[in-house]
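Peer 1: Sharing a model prediction with you, sequence too.
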Amino acid sequence: MRIRVLLLCTLVGICFFSCGESGSFTREERERIGLSGEAGIMPLFLVTNSADSLFLRLQAKELGREEMETESFRVLKSRMLATVNDTLNQGVGIAAPQVGISRQLVAVQRLDKAGEPFEFYVNPEIIYYSKDTVIGQEGCLSIPDRAGEVYRSTKIIVRYRDELSFEWRQDTVKEYTARIFQHEIDHLKGILYTDYLP
């Protein structure tokens, strides 16, 4: 069964990445993101749907500078923000795969900054994990009506692409905000917090 799921994930991934032109959003992605005038909440991909669940296990593709200069990128960020701030199902972070866009983009609520703003991170990766870990409760917008206790590093260093210059930047993050980053970046690797549960 596990081998069959792995093969299906591979086939879905091959189809997804070969459907569009290299270096641009695919037609399917653009349709899912919507038009420039479109706003509001995007449908969440949920583990309770088998096709969604397989999609959430894909490795997300890096974003290039050309995608970041498109209207689709701007609309995607706007709609991801609307989705994570939905008063009926609010979160502290969201990854693009959760709204059906398998690209390396996350939004994290910076609870460690004044005003606790949401900030976007392109092609983020964690280049340092502290050995000190702490257990904490996590939930997920893509896993409804469930929560679990997960160990996470208390301090991390995140590397990501600057949206304007496309240069690499990095940030040291601690405590609960570090947990959010670890959870969301896991989504880009096809990992769900439930994978850490007994």
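Peer 2: Okay, I see it.
Peer 1: Extract the residue ranges of this structure that are flagged as low pLDDT.
Peer 2: Along the chain, the model assigns pLDDT under 70 to residues 1-23, 36-37.
Peer 1: which residue ends up closest to the midpoint of it in space?
Peer 2: residue 95 (1.7 Å; Cα atoms, centre = their mean).
Peer 1: And the closest residue to that residue other than its chain neighbours, how close does it get to residue 102?
Peer 2: Residue nearest to residue 95 in three dimensions, not counting chain neighbours: residue 187, with 3.5 Å by Cβ to Cβ, 6 or more residues apart in numbering. The C-beta positions use only the backbone N, C-alpha and C, and glycine is treated the same way. The span separating residue 187 from residue 102 equals 10 Å under the rule Cβ to Cβ, to the nearest Å.
Peer 1: can you list residues touching both of those two?
Peer 2: residue 60 (Cβ atoms under 8 Å, 6 or more residues apart in numbering).
Peer 1: where do the helices sit along this protein?
Peer 2: Using DSSP state H, the helices of the chain run over 2-18, 27-33, 50-56, 65-68, 71-84, 175-188.
Peer 1: Return the most buried member of those.
Peer 2: helix 175-188 (a mean of 22; mean count of other Cβ atoms under 10 Å).
Peer 1: what separates it from the chain centre, distance-wise?
Peer 2: Here helix 175-188 is found 9 Å from its chain centre; the criterion is Cα atoms, centre = their mean, to the nearest Å.
Peer 1: helices or strands next to it in the packing?
Peer 2: strand 93-95, strand 105-109, strand 118-129, strand 133-140, strand 143-153, strand 155-161 (3 or more Cβ pairs under 8 Å, 6 or more residues apart in numbering; DSSP states H and E).
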